[in-house]
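Q: 3D, please:
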Amino acid sequence: AYFDEKETYQRLLAYRDARCQKCFKVFGDFKSLQMHMKQAHKLFYCDLCIEKRKVFIGEQLLYTWEELQDHEDGKEDGPMAGHPWCTMCRIRVFDDNDLAEHMAREHYSCHICSHLSDTRREGSQVFYSNYNSLHEHFRSEHYVCEQTECLQATFVAFESYEELRIHQARSPDC
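A: Numbering: from 1, shown residues only. This is a model prediction of the structure:
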């Protein structure tokens, strides 16, 4: 890297150090710094922020245990207030984008309700913890083709009875 002044370069390198923000002691790695902060100063880093926030170690926020709980629960103000909670998995994720990715990757949603929600601008998407829960939703709210082949194929549900009848007319096994 090119710098006009050696002092500027040295300050930049110092940002990368695992340095205690309280007593300025430098550690060989982040885990040692983290242990020091906990034992010597009773301060904690947020694991999700450490993993996901793109800042230098010295710019990461430190919390007392109570402040950390408030931070995770979103009871503090500011841009880093809170980490969303997946109620099905009982885990926290970094932000709303991570929650949306997690929900889409790990859980099931109704393609019919999602389409209706998009076109009618109603509420947010509903997720189900497993396919059996989603299938029960299909049966109670929509129209399901009960033929063995369609049940095995999964996700064969329709918004209206007319759509189900069209499907059955086009599929010889139905």
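
Q: which residues touch residue 145?
A: 151, 156-158, 164, 167-168, 171, 174 (CB atoms under 8 Å, 6 or more residues apart in numbering). In this view, the C-beta of every residue, glycine as well, is placed from N, C-alpha and C.

Q: narrow those residues to those that are buried.
A: Among these, the ones that count as buried by 16 or more other CB atoms under 10 Å are 156-158, 164, 167-168.

Q: and those residues as JSON lines, adding secondary structure, pLDDT and distance to residue 61?
A: Shown next, in JSON lines, are the buried ones among the contacts of residue 145 (DSSP: H, G, I helix; E, B strand; the rest coil; pLDDT from 0 to 100; distance: CB to CB, whole Å):
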{"residue": "156", "secondary structure": "coil", "pLDDT": "94", "distance to residue 61": "49"}
{"residue": "157", "secondary structure": "strand", "pLDDT": "96", "distance to residue 61": "46"}
{"residue": "158", "secondary structure": "strand", "pLDDT": "96", "distance to residue 61": "50"}
{"residue": "164", "secondary structure": "helix", "pLDDT": "96", "distance to residue 61": "54"}
{"residue": "167", "secondary structure": "helix", "pLDDT": "95", "distance to residue 61": "54"}
{"residue": "168", "secondary structure": "helix", "pLDDT": "94", "distance to residue 61": "59"}
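
Q: for residue 85, phi and psi?
A: The phi and psi torsions at residue 85 (degrees, to the nearest 10) take the values phi -120, psi 130.

Q: residue 19 now?
A: phi -110, psi 130.

Q: that one and residue 32, how far apart?
A: When CB to CB, to the nearest Å is applied, the distance between residue 19 and residue 32 equals 11 Å.

Q: ok, those two, which is more surrounded?
A: For residue 19 against residue 32, the residue with the higher neighbour count under other CB atoms under 10 Å is residue 19, and the figures read 17 against 13.
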